[in-house]
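What follows is a predicted structure for the sequence shown.
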Amino acid sequence: MSPSLNPTTDRSDLLLKAEHLSYSYGAFCAVKDLNLELRRGQVLGFLGPNGAGKSTSLRLLSGVLALQTGRVDMAGYDLRHEPLKAKQALGYLPEYPPLYTDMRVIEYLRFVAQLHGLKGQKIHTACQRVLEQCDIGAVQQRLIGRLSTGYQRRVGIAQALLHEPSVIILDEPTAGLDPLQLHNIRQLIHQLREQCGVILSSHMLPEVEAVSTHVMVMRQGELLLQDTLRGLQQHWQGHSLKLGLRCCPSLDTLEKMAGVLRVETIDEQFLRVHYQAPDNPAEQLVQTAVEQGWGLFEITSEQHSLEHIFMQQQHLSPT
């Protein structure tokens, strides 16, 4: 399943478009024919196990790695032919933040602001804004090398926001953060999407589920599926029914019903019936349970989490 990420055809909100991206390290192909679009207001979560190609994909989108094949348009500029203009629209936090540990936080932010071409009062204004956004004002005079991992991560996010980019790419932005810091970063990402588009990668499924509007799942460099978060959940919802029975029949009896793929035992009174949509066997199950006296006391259409979808997709063939 790989429907478009874009619920609208309005091109004015299109901030990033990548077509047919592939990248190889020698004989090893890390990314295979990746296509995506990002619009204003979207938070696109990249998911996949180690080695799936997430970080390589983000490096290609950000211009850190030179394109081998394919095309990236950033805010209307071709990344290959107009890299400076394209990167002016980008804020990027790599997996390992580009920090100078012997500089104080405020010194580093001023330095990065100058690299982005800000001058005079605009430097001060931008620094004060990101100090507040990332909640690092209290440590602005401290050496970066003496900060905790969580604070260093937040400084890394701050440098990506200084020039108010329209596209923000965050590679593992919540790594090393405590629960309160995680909450603050979630709130920040929700605020950022009001003005821009955000791409983030994470191994933490609850974090992606908490902040993303769209999800892409990768494995071995290939795209397995992409959709809105709600679309994924709706697609997988109802593919299994949880049955509560006082007298459980044989599994063979249930598996012979139309549409039923398999049945698994949860415990002495509960079964899970997997079926092929749209052939929902719920009505037939209720009727048969009454006729056979199984003592049906619960039948529930199960809502699967992003974690369940992710684990299911890791055992399917790429799209």
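That came through fine.

can you give me the helices in this protein?
54-62, 83-88, 105-115, 121-133, 149-161, 179-192, 205-211, 229-236, 251-255, 282-292, 306-313 (DSSP state H).

Wait, P98 touches Q159, no?
Yes - under the criterion of C-beta atoms under 8 Å, P98 makes contact with Q159 at 7.3 Å. In short, each C-beta sits where N, CA and C put it, glycine included.

more neighbours, these two?
Using other C-beta atoms under 10 Å as the criterion, P98 and Q159 rank with Q159 on top: 24 against 12.

where's the more buried one relative to N50, distance?
Going from Q159 to N50 by C-beta to C-beta, to the nearest Å gives 26 Å.

and L109, what does it touch?
Counting by C-beta atoms under 8 Å, 6 or more residues apart in numbering, L109 touches 126-127, 130-131, 140, 155, 158-159, 162.

ok, now with 6 Å
For L109, the contact set (C-beta atoms under 6 Å, 6 or more residues apart in numbering) comprises C127.

next one: H203
H203 neighbours (C-beta under 6 Å, 6+ apart): none.

One more pass at 10 Å, please.
For H203, the contact set (C-beta atoms under 10 Å, 6 or more residues apart in numbering) comprises 47-50, 52, 54, 172, 174-175.

Now render the helices of the chain as TSV, adding distance to R272.
Converted to TSV, those look like this (distance: least, C-beta to C-beta, whole Å):
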stretch	distance to R272
helix 54-62	31
helix 83-88	49
helix 105-115	52
helix 121-133	45
helix 149-161	40
helix 179-192	32
helix 205-211	21
helix 229-236	14
helix 251-255	10
helix 282-292	12
helix 306-313	12
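
could these go into TSV alongside distance to I168 and mean pLDDT?
Converted to TSV, the helices of the chain look like this (distance: least, C-beta to C-beta, whole Å; pLDDT from 0 to 100):
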stretch	distance to I168	mean pLDDT
helix 54-62	10	94
helix 83-88	13	94
helix 105-115	14	97
helix 121-133	12	96
helix 149-161	6	93
helix 179-192	6	87
helix 205-211	12	81
helix 229-236	18	65
helix 251-255	49	88
helix 282-292	44	89
helix 306-313	21	58
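
Of all those helices, which one comes closest to Y77?
Taking C-beta to C-beta, helix 83-88 is the member of these nearest to Y77, at 4.0 Å.

how far away is the most centrally placed residue in the chain from Y25?
With distances taken as C-alpha atoms, centre = their mean, G45 lies nearest the centre of the chain, 1.2 Å away. Going from G45 to Y25 by C-beta to C-beta gives 25 Å.
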